[in-house]
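>>> Everything below, folded, please.
(chains A and B)
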2 protein chains.
Amino acid sequence: MPTHDNFELAEASPVTLGEGQFLVKNLWLSVDPYMRGRMNDAKSYAEPYALGEAMTGGAVGVVEQSNNADYPVGAKVLHMGGWREACVFGGGLTPPAGMPPVKLPELGVPDQHWLSILGMPGGTAWFGLLKVAEAKEGETVFVSAAAGAVGSTIVQVAKAKGMKVIGSAGGKEKCDWVRELGADAVIDYKAGPVLPQLTDALKSIGENGIDVYFDNVGGEHLDAAFATAREWARFAICGMIDVYNDFKAQPMQYLPRIIACRISIKGFLYPDFMGQLPEFNADMAALIQSGKVVGRETVHDGIESAVDAFLGLFDGSNMGKMLVKL
Amino acid sequence: MPTHDNFELAEASPVTLGEGQFLVKNLWLSVDPYMRGRMNDAKSYAEPYALGEAMTGGAVGVVEQSNNADYPVGAKVLHMGGWREACVFGGGLTPPAGMPPVKLPELGVPDQHWLSILGMPGGTAWFGLLKVAEAKEGETVFVSAAAGAVGSTIVQVAKAKGMKVIGSAGGKEKCDWVRELGADAVIDYKAGPVLPQLTDALKSIGENGIDVYFDNVGGEHLDAAFATAREWARFAICGMIDVYNDFKAQPMQYLPRIIACRISIKGFLYPDFMGQLPEFNADMAALIQSGKVVGRETVHDGIESAVDAFLGLFDGSNMGKMLVKL
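Purely as a prediction, here's the structure:
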């Protein structure tokens, strides 16, 4: 588990912009669970951070100075510069994560939605539910970490598409909130073992099993999903936050049900779906405009709060997407 | 673990055939791991056996008496009547497993191959490797229980299709035999932990990971497969013999690799592929005729030996398909 001692708030020297360069002043910073994996010196789907490097990641900002006609002063951009108040791009500089800043499309949504419901967490939810797990109207969906950035979107999108949803979250406050999001049943994993609660939740909504499981946590939740899967169930595996900080063996009892139920389990990453972003953006924008899906965010103020926001992801203190507002 | 006390060898009264009926004298009986699951009073993919019922399952026999023109005396048939010396069909009787006897096609192969390499185990291997896991030429395949009925077919088919194969088996004799079948590397799971052996085996064949895992056992082998999977690896899950007799939790450490490597895991059952039997029969018959794939069988003699043959499946005493010859 990371601590404040792993981080430093450093001051950079003022810069003079070179040809083609522009300065983006950040408005919103994203803190995400996958960043924890990048703090290990181990090969994973994202490169490890170098010591002393800024915590690169998603951010939304506005161009404040510019020597680049493509990025005029006042343009709002989404970029991967991460946890800093400002960042210089262009003029031959390699952008963080190799992704040049993207100008925000005019969809009439709040800026920070591009880091949440229209960004990586929202896309992870939408692609995972509809493309990876191929969830369909009338099916029963179980989602763990249902009060998180991805989970809260899953609950809303699944309901908007005519599915039944059981969400798992930790503590009464979050569970109440997941119910408000529209979940048909909610289980509190902090109140007791997952499997008996999931079995009861299924009974309470008149179902005898799950068709889809969207996994954000692994461990006990995943095993309970195997235990309650119907034939031909599909699992989309997007995170195992239970084991990011503690890579130890998890006891799994119900794996053999994979065979008899012909369960299909797929791991996936958001970047694999970049080719389908227009379809996602169009559908999600329509869901937002119809009021069926609402961007849910927990906001911390000021760059000094970035570490607290990040650590909060692991003690479960966020509801919806965790953001830092500058 | 079953014992001889769970079984009884019973004598049936002689029958007089009714209209449309015919008597099949069995030549070969199949004993299969899935039968263990049917001995539990629990819903699984096959119905539980009733107490006192014959152990129904695959058998090959010859029609000895007949009042049915479709099944003349001398015709050889594959049926699901299971562990008995003879069985009556037709004339309105419900056949075991709802499957009427099938007359054996003339492919010029030994009768018992219809219970092994051209039957359920061979089909399980072929469909699992090529249709479920979509293994392709040049890929690296790991298979557990590689000396078993399914595993020994996987090794041979994978080699015939231009793949590299690592097989796992228990004990020197079996490992030598799996190497003879054509495996590029073999690990002896009884000699030590699976993962370090699998890692060494990969190095020895110049590969840094597996593309396909064909799971017959679950547990430690499955975890080692997660640990060594390449990106976009596919796992076909067909059996978990490690847990059939002892349904306890298995410690799994490498499940989180599902995400970063986008591993896809699918459970499957042979009967789901009945629509593709002609494709399987044609390809497998060609592989047999070319000499690239050879039916491998361990044979017990006489119906009295059926229980020993069956129990042998769980102490690992068979090489290839376990059969009883009457």
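
>>> Which positions in stretch A:167-177 come out as buried?
A:167, A:168, A:169, A:170, A:174, A:175, A:177 (16 or more other C-beta atoms under 10 Å in any protein chain shown). All C-beta spots, glycine's among them, are computed from the backbone N, C-alpha and C.

>>> Please narrow the residues you listed to those residing in strands.
A:167, A:168, A:169 (DSSP state E).

>>> Let me know the closest of those to chain B.
Chain B lies nearest to residue A:168 out of these, by C-beta to the nearest C-beta, at 17.8 Å.

>>> Do you have the helices of the stretch 1-150 of chain A handy? List them.
Under the criterion DSSP state H, counting those that start in this stretch, helices of the stretch 1-150 of chain A are mapped to A:34-38, A:120-126, A:149-160.

>>> who does the second one touch, helix- and strand-wise?
In terms of contacts (3 or more C-beta pairs under 8 Å, 6 or more residues apart in numbering or on different chains; DSSP states H and E), helix A:120-126 is packed against helix A:149-160, helix A:277-289.

>>> Would you mind splitting chain A into its domains for me?
What the record gives for chain A is the domain set A:4-116+A:296-325, A:120-271, from automatic domain parsing.

>>> These: lowest mean pLDDT?
Of all the domains of chain A, the minimum mean pLDDT falls on domain A:4-116+A:296-325 (a mean of 91).

>>> and that one, how far apart are its ends?
19 Å (C-alpha to C-alpha, to the nearest Å).

>>> of all the residues in chain A, which ones are close to chain B?
Applying C-beta under 8 Å from any C-beta of the partner chain, we find that chain A lies next to chain B at A:44-45, A:218, A:222-223, A:237-240, A:243-244, A:247-253, A:255-269, A:272.

>>> Drop anything exposed from those residues.
Buried among the residues of chain A next to chain B (16+ other C-beta under 10 Å): A:44-45, A:218, A:222-223, A:237-240, A:243-244, A:250, A:252-253, A:255-269.

>>> Strands - which of those land there?
Per DSSP E, those map to strands at A:237, A:250, A:252, A:264, A:265, A:266, A:267.

>>> contacting residues around the third one?
In other words, residue A:252. Residues in contact with residue A:252, defined by C-beta atoms under 8 Å, 6 or more residues apart in numbering or on different chains, are A:222, A:223, A:226, B:249, B:250, B:251, B:252, B:255.

>>> and if you look at the first one?
When contacts are counted by C-beta under 8 Å, 6+ apart, residue A:237 is found next to A:215, A:218, A:222, A:265, A:266, A:267, A:268, B:258, B:259.

>>> Please repeat the previous calculation with a cut-off of 10 Å.
Counting by C-beta atoms under 10 Å, 6 or more residues apart in numbering or on different chains, residue A:237 touches A:128, A:132-133, A:213-216, A:218, A:222, A:265-268, B:255-256, B:258-259, B:262-265.

>>> ok, now the second one?
The neighbours of residue A:250, taking C-beta under 10 Å, 6+ apart as the test, are A:218-220, A:222-223, A:240, A:242-243, B:249-256.

>>> same check, this time on the fourth one
Counting by C-beta under 10 Å, 6+ apart, residue A:264 touches A:132-134, A:229, A:232-236, A:258, B:132, B:237, B:264-268.

>>> run the last query once more with 7 Å
A:234, B:266 (C-beta atoms under 7 Å, 6 or more residues apart in numbering or on different chains).

>>> Tell me how many other residues surround residue A:91.
Per other C-beta atoms under 10 Å in any protein chain shown, the neighbour tally for residue A:91 reads 13.

>>> circling back to that earlier point, quick one, which of the helices of the stretch 1-150 of chain A is packed in tightest?
Ranked by mean neighbour count, the helices of the stretch 1-150 of chain A are led by helix A:149-160 with a mean of 28 (mean count of other C-beta atoms under 10 Å in any protein chain shown).

>>> any idea how far the closest residue to residue A:25 other than its chain neighbours is from chain B?
Excluding the flanking residues, the one nearest residue A:25 by C-beta to C-beta, 6 or more residues apart in numbering or on different chains is residue A:64, at 4.3 Å. Going from residue A:64 to chain B by C-beta to the nearest C-beta, to the nearest Å gives 36 Å.

>>> Equivalent analysis for residue A:192, please.
18 Å.

>>> Give me the three-state assignment for that residue.
Secondary structure for residue A:192, judged by DSSP: H, G, I helix; E, B strand; the rest coil, is coil.

>>> The residue positioned nearest the centre of chain A: what's it in contact with?
With distances taken as C-alpha atoms, centre = their mean, residue A:121 lies nearest the centre of chain A, 3.0 Å away. Shown in contact with residue A:121 (C-beta under 7 Å, 6+ apart): A:149, A:150, A:153, A:321.

>>> how does it look with 8 Å?
A:32, A:115, A:148, A:149, A:150, A:153, A:321.

>>> So it versus chain B, what's the distance?
Applying C-beta to the nearest C-beta to residue A:121 and chain B gives a distance of 15 Å.

>>> Could you single out the nearest of the buried residues of stretch A:167-177 to residue A:68?
Checking the buried residues of stretch A:167-177 against residue A:68 by C-beta to C-beta gives residue A:177 as the nearest, at 42.6 Å.

>>> was I right about the closest one contacting residue A:298?
No - counting by C-beta atoms under 8 Å, residue A:177 stays clear of residue A:298, with 10.8 Å between them.

>>> what touches both of these two?
residue A:319.

>>> For residue A:94, state which of the contacts of residue A:252 is nearest.
residue B:255 (34.6 Å).

>>> so who does the closest one touch?
Residue B:255 neighbours (C-beta under 8 Å, 6+ apart): A:218, A:222, A:240, A:243, A:250, A:252, B:223, B:226.

>>> if you set the cut-off to 6 Å instead, what comes out?
residue B:226 (C-beta atoms under 6 Å, 6 or more residues apart in numbering or on different chains).

>>> repeat for residue A:209
Contacts here follow C-beta under 6 Å, 6+ apart; on that basis residue A:209 touches A:228, A:230.

>>> Ok, the one 4 residues further on next?
Residues touching residue A:213, when contacts are defined by C-beta under 6 Å, 6+ apart, comprise A:142, A:225, A:235.

>>> Good, wrapping up.
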